[in-house]
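K.L.:
how does the following fold in three dimensions:
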Amino acid sequence: MMQLPKNFLKGSIPPLITPFKNGKVDYDAYADLVEFQVKNGSHGILVTGTTSEPSTLTTDERNRCVDVAVEAARGKVPIVAATGSQSHAETILLSEYAERARADALLVVTPYYIRPPQRGLVAYYNDIGKRTNLPWMIYHIPGRAAVSVTLDTLDQISKACPNYVGMKHAVDDLGFVSKCLDHFGKNFRIFVGLEDLSYPMMTVGACGLMNAVGNLMPKKLARMCELVWKGNMKAAQKIHYELFEINQAVFYDTNPIPMKYMMKKLGIMPKNEHRLPMMPAPKELEKRLDGVLKRAGLLKPKLSRKSS
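P.N.:
Numbers count the residues shown, from 1 in each chain. Reported below is the predicted structural model:
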């Protein structure tokens, strides 16, 4: 397995949302979001992950997002390009473009919907891995992709592809994390992909987070990672519980519907717009999310005329 620099590909690497404006990707707003992450201490940026609604983007739009992120980050943090697709050919195109665009690493989701056998996953990833010189990881999200990977599958891929270095694990399964780290060693990069497991999974050895909440509260997520690295588990656990309700709120509706509403509400992004079949939050959900933001201290309650 490729040996990575000690502090490379670890910590909080939020999957950026995709801002839209009148149906088109707002690349200026996207660049602003990259700069927002850099200024607020994130350790990297994930481009066109699940939170970015990639299935609603064209290949050209996904590639352009990589270009914008690389340019806006200016080498201050690594850019991880999510280049997986249901199509093998499209995954190749996206991955090769990201490497030419000077992304620092790739994240490749398991092919979704078609539910391939494990031997198919091995052949698929071996082919992708041999086409790039970048370090790359598997995105393991069976809840959406409808396929899981086994430890034996990962082992076969690792033996064939020295630049395979880890995975984003969006599964409620701490045991599998422990098995992977025991088998591959502590340098195997495992990123937490489920918000409410951020702290627990890091305590057993995950190297960092790729969580949607990082779009909203990047400083806190980066801080929690750093506290775990320093062994200050009490302080890290405190942040875990401070984030607990907002971590739950991400899934009050399909991600990133709640996230986009909250980001617009706090002025982090200019518009709350989606592409079909995704839809903005309904009024009842907006009210519920406003309550979450108020309890998190992010949204100050409006003063009544009497109190003012």
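K.L.:
now Ile45: how far from Tyr30?
P.N.:
11 Å (Cβ to Cβ, to the nearest Å). Bear in mind the C-beta positions are built from the backbone N, C-alpha and C, glycine included.
K.L.:
Pro218 now?
P.N.:
Relative to Tyr30, Pro218 is positioned 15 Å away (Cβ to Cβ).
K.L.:
about what we covered before: between Ile45 and Tyr30, which is the more surrounded one?
P.N.:
Between Ile45 and Tyr30, Ile45 has the larger neighbour count (other Cβ atoms under 10 Å), namely 30 against 23.
K.L.:
mind pulling up the phi and psi values for the more buried one?
P.N.:
Here is the backbone geometry of Ile45 (degrees, to the nearest 10): phi -140, psi 130.
K.L.:
what pLDDT does it get?
P.N.:
You'll see Ile45 listed with a pLDDT of 98.
K.L.:
same thing with Lys300?
P.N.:
Looking at Lys300, the pLDDT reads 77.
K.L.:
how would you label it: helix, strand or coil?
P.N.:
Under DSSP: H, G, I helix; E, B strand; the rest coil, Lys300 falls in the coil class.
K.L.:
for it, which non-adjacent residue is closest in space?
P.N.:
Spatially, and ignoring its direct neighbours in sequence, Lys300 is nearest to Lys294 (7.5 Å; Cβ to Cβ, 6 or more residues apart in numbering).
K.L.:
the one you found: how many residues sit nearby?
P.N.:
Other residues near Lys294 come to 13 when the count uses other Cβ under 10 Å.
K.L.:
so after whatever helix or strand Asp60 lives in, what's the next helix or strand?
P.N.:
Using DSSP states H and E, the element containing Asp60 is helix 59-73. Per DSSP H and E, the first helix or strand lying C-terminal to helix 59-73 is strand 79-82.
K.L.:
elements contacting that next one?
P.N.:
The contact analysis (3 or more Cβ pairs under 8 Å, 6 or more residues apart in numbering; DSSP states H and E) places strand 79-82 against strand 45-47, helix 59-73, helix 88-100, strand 105-109.
K.L.:
okay, the ones you listed in CSV with distance to Pro5 next?
P.N.:
Formatted as CSV, the helices and strands packed on strand 79-82 follow (distance: least, Cβ to Cβ, whole Å):
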stretch, distance to Pro5
strand 45-47, 18
helix 59-73, 17
helix 88-100, 18
strand 105-109, 12
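K.L.:
so which of these gets nearest Lys6?
P.N.:
Nearest to Lys6, of all these, is strand 105-109, at 15.2 Å by Cβ to Cβ.
K.L.:
what's the helix or strand that comes right after that closest one in contact with?
P.N.:
Downstream of strand 105-109, the next assigned helix or strand under DSSP H and E is helix 118-129. Residues from elsewhere that reach helix 118-129 (Cβ atoms under 8 Å, 6 or more residues apart in numbering): 88, 91-92, 95, 108, 110-111, 116, 136, 138, 147, 149-150, 152-153, 156-157, 160-161, 163-164.
K.L.:
buried ones among these?
P.N.:
Neighbour-count burial (16 or more other Cβ atoms under 10 Å) is assigned, among the contacts of helix 118-129, to 91-92, 95, 108, 110-111, 116, 136, 138, 147, 149, 153, 156-157, 161, 163-164.
K.L.:
overlap of the contact sets of Ile45 and Tyr30?
P.N.:
Contacts common to Ile45 and Tyr30, judged by Cβ under 8 Å, 6+ apart, are Leu16, Ala69.
K.L.:
distance between the ends of stretch 255-271?
P.N.:
End-to-end distance of stretch 255-271: 16 Å, with Cα to Cα, to the nearest Å as the criterion.
K.L.:
that one: how far from the chain's middle?
P.N.:
From the chain centre to the centre of stretch 255-271 is a distance of 16 Å (Cα atoms, centre = their mean, to the nearest Å).
K.L.:
report the rounded mean pLDDT for that stretch.
P.N.:
97.
K.L.:
tell me the buried residues in it?
P.N.:
Using 16+ other Cβ under 10 Å as the burial criterion, the residues of stretch 255-271 that qualify are 255-265, 268-269.
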